[in-house]
Every structure is written in structure tokens, then in C-alpha cells.
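Q: Got a predicted structure plus its sequence, pasted below:
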Amino acid sequence: MAGIIEKIPMLRAGSKKDRGSKTSSSITLRVYRSNSANGNSYRYDTFDVPIQRWTTVLDALLYAKAYEDNSIAIRYSCRMASCGSCGMKINGRPRLACYTNVAELESPVITCQPLTNFSLIRDLVTDFSEFFRHHKSIKPFIINQNADLMTSEEVSEFIQSPRDVDEYLQFSYCIKCGLCYSACPTVATDVRFLGPQALAQAYRYYADTRDNGSREDMKNIDDKHGIWRCHFAGSCSNVCPKGVDPALGIQLLRRHLTSFSKHDKKIAEMKHHSQVT
Ligand code: SF4
Ligand code: FES
């Protein structure tokens with residue numbers, strides 16, 4: 001651990017030995033502590049953490065873990081908003097800890113809690129099994145029989161124009177961090193709802209011209225727990241750290257689905273009925 005810590009400039013500058021000499025200020029870090037094995041019992045532990053201009057919430061948590069209490073459970077990897085593993089609620093809002101600068105919060109007290117809408121494993125670490133099950137259920141990959149090199153006699157390029165790419169590009173930036181899923185009020189009330197991330201990814205593959213595997217047979221999307229359950233609260237898009245707009249993806253997917261869904265048939269039947277009578 002000591003070797004790792006020495007490689008982290010913020011922690012080196014703010015080590016206990018240096019505290020008060022090299023750091024300009026400090027914050028109070030409140031960390032949610034609980035273990036799923038303990039049922040509903042939880043507490044908040046408080047740590048005084050020295051900060052620099054560039055200190056992120058993840059840096060602050062790692063400082064507390066390194067010098068105050070090494071039993072704090074945190075999940076992280078890339079430290080650069082790419083892997084999506086450090087999601088947590090920071091001062092009440094779902095954020096990436098590595099992408100949140102302490103200074104931007106403008107608060108002397110920073111409270112870290114596990115993401116809501118996920119079951120808890122321990123402290124700030126939540127279980128993403130259900131989230132990834134939803135993600136997997138929409139078949140998040142390009143379906144195109146002609147792209148299979150093993151079976152296709154003629155292999156050709158899949159040319160896309162810049163406009164074709166623009167149709168889905170922003171949705172491909174998703175890092176599966178789960179912040180949108182955590183912020184979604186519909187997920188909070190319906191555990192079977194696919195959630196904004198999976199639905200936006202479904203649109204991402206619908207909109208990709210390389211994909212010819214129509215997903216209309218996917219009952220879980222065209223379902224009351226699927227795309228039609230969204231109330232368009234928009235909180236998913238507000239918290240996304242990668243500039244994805246899942247709420248937009250859901251609306252575009254709805255437009256697409258109504259071309260063949262049972263709901264569209266119902267509308268057509270109603271129109272027909274009103275013309276006849
Ligand atoms: S859409 Fe945004 S908030 Fe949701 S999982 Fe993807 S990157 Fe995270
Ligand atoms: S550590 Fe990878 S996104 Fe934060």
C-alpha cells in the first residue's frame with residue numbers, strides 16, 4: 001500500500017507527516033458505512049482530509065482509507081471517468097468520485113453514500129448484477145449476419161456517412177457507470193423497468209446502420225416494464241458524466257418502436273374505428 005500511495009501526488013503531499021505544512025485547507029468527509037450482512041444498520045464515519053486544488057472526492061476517500069481507516073470499501077479503477085466503477089452519491093447527487101473535484105462542490109462537508117436503486121454490498125460498493133442483466137437483455141451489440149467472417153462468402157465494408165454516425169454517436173459514449181439508473185425515479189418504483197441506460201443502448205443499436213438485426217422481437221423493450229414505463233423525468237440525462245442523453249434515446253426509440261408495436265396497432269385500429277363510425 002505504501003508503494004501505491006507514494007505514486008499518488010495528492011496523498012504524498014497531504015500525508016499525515018506533512019499535514020498542516022503543505023496543504024492549504026481541509027474538508028470533512030462523511031462516509032456511509034454498512035455491510036449488507038448487517039441488515040439495515042448503518043452509520044456515517046467522519047474524516048478530516050487535507051485537500052489541494054486538484055483533489056477529487058476519490059482522492060479524499062483514498063486518503064481516508066490509507067491514513068484513517070483501511071476498512072472503507074470503495075470500488076474504482078481508471079481514475080479518469082472511463083471505467084464507470086466509482087459511482088456514488090456525493091452530497092446527495094449521483095456522481096463519479098474520480099471526476100468530481102472537491103472544490104467544485106463548494107462545501108466544507110462532503111457526504112459519500114452508495115448509489116440508490118442498487119442493492120448494497122458494503123459501504124460505497126453496490127451490486128450491479130441487475131443493472132448489467134438489463135443491459136445484456138437488449139443485446140448490446142451489432143447484429144448483422146453478413147458481418148460474420150466465418151459464414152459469409154463475401155465480406156464487404158460497412159460504410160457509414162458522418163450523418164449515419166451522428167445518429168448514435170453520443171449514446172456510444174456510455175461507460176455503464178449506473179448514475180442514470182440511480183437517479184431514475186421509475187427504477188425506484190419498478191424493479192423490472194429496464195432503466196435509462198439499457199433503453200438508450202437499445203436505441204444506440206437501432207440507430208446504427210450496420211445493424212440489421214431488428215429488435216422488434218424483444219418483448220422486454222416493447223413492454224409496460226420497458227420503454228413505455230418511462231415518465232420522462234429527465235433526471236438520467238442530468239446526471240450523466242459522459243454527455244449521453246438517455247432520455248432523448250428513449251424518446252427516439254419510442255418513435256422507432258411505434259412503427260411496428262402493438263400500441264401502434266391499437267392506434268391504427270382506433271383511427272380505423274373512428275373513420276368507420
Ligand atoms: S448513460 Fe451516462 S449515466 Fe447512464 S450508465 Fe451511461 S454513462 Fe453512466
Ligand atoms: S475510477 Fe473509473 S470512472 Fe472513476
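A: Cool, got the structure. Ligands and ions are numbered 1, 2, ... in the order given.

Q: Not counting sequence-adjacent ones, nearest residue to Y99?
A: A81 (4.1 Å; CB to CB, 6 or more residues apart in numbering). In short, each C-beta sits where N, CA and C put it, glycine included.

Q: so what's the one you found up against?
A: 96, 98-99, 175, 241-242 (CB atoms under 8 Å, 6 or more residues apart in numbering).

Q: Likewise for G84?
A: 96, 175-178.

Q: what about 10 Å?
A: With contact set as CB atoms under 10 Å, 6 or more residues apart in numbering, G84 has these partners: 75, 77-78, 96, 128, 174-179, 241-242.

Q: Generate a ChimeraX selection restricted to the buried entries among the residues you listed.
A: This is how ChimeraX selects the buried members of the contacts of G84, with burial counted by 16 or more other CB atoms under 10 Å:
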select :75,96,128,174,175,176,177,178,179,241,242
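
Q: any idea how far the spatially most central residue of the chain is from ligand 1?
A: When CA atoms, centre = their mean is applied to the chain, the residue found nearest the centroid is G178 (2.4 Å). When distance is defined by CB to the nearest ligand atom, to the nearest Å, G178 is 5 Å away from ligand 1.

Q: ditto for I250
A: 11 Å.

Q: secondary structure element for that residue?
A: Under the criterion of DSSP states H and E, I250 resides in helix 246-257.

Q: do Y32 as well
A: Per DSSP H and E: strand 25-33 holds Y32.

Q: quick one on the thing from earlier: just confirm the residue nearest to the centre of the chain contacts F118, I think it does.
A: Yes. Between G178 and F118 a contact is recorded at 6.6 Å, counting by CB atoms under 10 Å.

Q: For ligand 1, what's its nearest residue on the stretch 1-150 of the chain.
A: G84 (6.1 Å; CB to the nearest ligand atom).
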